[in-house]
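> kindly generate the corresponding structure for this input.
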Amino acid sequence: MSGLFCAEEAAARRIRMVVTDLDGTLLKDDKTISPFTKAAIAGLRARGVRFALATARPIRSVRGFLPDLGFDGAVYHNGAVVEAEGERLSGFGIERPLDVVRSILEREPGARVAVEANDVLFGNFDTQTVWPGVSCVRTADFHEIAPLTADKIIVGAETPAEAAALEERLPPALYAQISENVIAMIMNCRATKLNGIRMLAARWGVGLSEIAAFGDDYNDVEMLGACGVGVAVANALDEAKAAADEVCLSNEADGVARWIEENIPSPNRICYTGFSG
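Alright, predicted model coming up:
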């Protein structure tokens, strides 16, 4: 298929901010980032385009295994925590999380439950089976979280139907969403990736129509549909692809970076013609 790309086309898109999910999107399956992707992100930022992460991961996880990845801001815990240039803007946590956990365990005493609070993971099961290498405070009754505001509560679940059934029993201010087909994340209703992106965009004076968003999972659907350009990776769930405007190459093929290089080129890349198979 022949193709023609000009810098004027990129200008017409007015992309001033790129935001991407991590697992299954920017990260390869082995949780690494290729040198090509790192270079593409560095070049993007050098051209004055803001680059942000939107992930269900906690702060410590991102900083710990991506110490050399430069980014301008991040939405952690699906929107419960938002940071720009290292400054915490705000977030939407769960008040009185122990009440919620006790309610879950009363109905299902054998439920696998974990709680993220103050950038610490508390769990009543071996969390290494879900998050290898992630440290956890093992607890039987979660008394440690009594005085804390939780970023999210995690319950073992494998289908959207299980998450929906869990959500029906939650207080109105909370919702449950399946992630990676192994867990349900209980969040404050205001804690979404899209709300976090809105906070970052407002900070930087960027409109939603000027944002390109990348994702692959259920928790990316809303942002893919709301941002100016929603791009699902080829390995994304069908629901994510349906919400997106475009589909790029997979995470294993550096799809995000290749899309950036092709659609937000350096100023010296004025125009080229080419053929792709």
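> what residues does stretch 85-97 touch?
Under the contact criterion C-beta atoms under 8 Å, 6 or more residues apart in numbering, stretch 85-97 has outside partners 72-73, 77, 79-83, 100, 115, 117, 142, 145, 148-153, 174, 186-191, 195, 199-200, 203. Just so you know, the C-beta spots here come from the backbone N, C-alpha and C atoms, and that holds for glycine as well.
> where exactly do the helices run in this protein?
Secondary structure of the chain (DSSP state H): helices located at 7-13, 35-46, 59-65, 97-107, 160-167, 193-204, 221-226, 238-243, 255-263.
> give me the low-pLDDT residue ranges for the stretch 101-250 of the chain?
Scanning the stretch 101-250 of the chain for pLDDT under 70 picks out the ranges 180-181.
> quick one, strands of it?
Taking DSSP state E, counting those that start in this stretch to define them, one finds strands in the stretch 101-250 of the chain at 113-117, 120-123, 137-138, 152-156, 174-179, 183-188, 211-215, 229-233, 246-248.
> any chance of the helices of the chain in TSV, with mean neighbour count and distance to Gly133 too?
As requested, the helices of the chain are arranged in TSV below (neighbours: other C-beta atoms under 10 Å; distance: least, C-beta to C-beta, whole Å):
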stretch	mean neighbour count	distance to Gly133
helix 7-13	12	38
helix 35-46	16	21
helix 59-65	16	9
helix 97-107	16	24
helix 160-167	16	25
helix 193-204	21	24
helix 221-226	22	27
helix 238-243	18	26
helix 255-263	21	24
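> so which of the ones you listed is nearest Val19?
Comparing the helices of the chain by their distance to Val19 (C-beta to C-beta), the top pick is helix 193-204, with 5.6 Å.
> list of residues touching that closest one?
Contacts with helix 193-204, where a contact means C-beta under 8 Å, 6+ apart, come from 16-17, 19, 21, 50, 52, 54, 72-73, 75, 78-79, 82, 84, 89-90, 92, 206-208, 210-211, 213, 219-220, 222-223, 226-227.
> before we move on, back to that, show me just the buried residues among the contacts of stretch 85-97.
Members of the contacts of stretch 85-97 that pass the buried threshold by neighbour count (16 or more other C-beta atoms under 10 Å) are listed as 72-73, 77, 79-83, 100, 115, 117, 142, 145, 148-153, 174, 186-188, 191, 195, 199-200, 203.
> report the central residue of this protein.
For the chain, the residue whose C-alpha lies nearest the mean C-alpha position (C-alpha atoms, centre = their mean) is Thr55; its distance is 2.3 Å.
> look up how far Ala234 lies from that one.
Here the distance between Thr55 and Ala234 works out to 20 Å (C-beta to C-beta, to the nearest Å).
> report the beta-bridge partners for Val247.
Ala232 (DSSP bridges).
> ok, how many other residues are close to it?
Residues contacting Val247 under the criterion other C-beta atoms under 10 Å number 17.
> just the one 5 residues further on next, same as before
Other residues lying near Glu252 total 15 when counted by other C-beta under 10 Å.
> correct me if wrong: it contacts Leu26.
No - counting by C-beta atoms under 8 Å, Glu252 does not reach Leu26; the two are 11.5 Å apart.
> thinking again about what came up before, I'd like the strands of the stretch 101-250 of the chain as TSV, with distance to Thr37 appended.
As requested, the strands of the stretch 101-250 of the chain are exported to TSV (distance: least, C-beta to C-beta, whole Å):
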stretch	distance to Thr37
strand 113-117	27
strand 120-123	27
strand 137-138	33
strand 152-156	27
strand 174-179	23
strand 183-188	26
strand 211-215	11
strand 229-233	12
strand 246-248	12
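> single out the most deeply packed of these.
Ranked by average neighbour count under the criterion mean count of other C-beta atoms under 10 Å, the strands of the stretch 101-250 of the chain are headed by strand 211-215 at a mean of 29.
> which neighbours in the sheet does that strand have, and how are they oriented?
When DSSP bridges is applied, strand 211-215 pairs with strand 17-20 (parallel), strand 229-233 (parallel).
> can you redo the ones you listed as JSON lines with distance to Ile264?
Compiled in JSON lines, these are given as follows (distance: least, C-beta to C-beta, whole Å):
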{"stretch": "strand 17-20", "distance to Ile264": "7"}
{"stretch": "strand 229-233", "distance to Ile264": "10"}
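> all set now, cheers.
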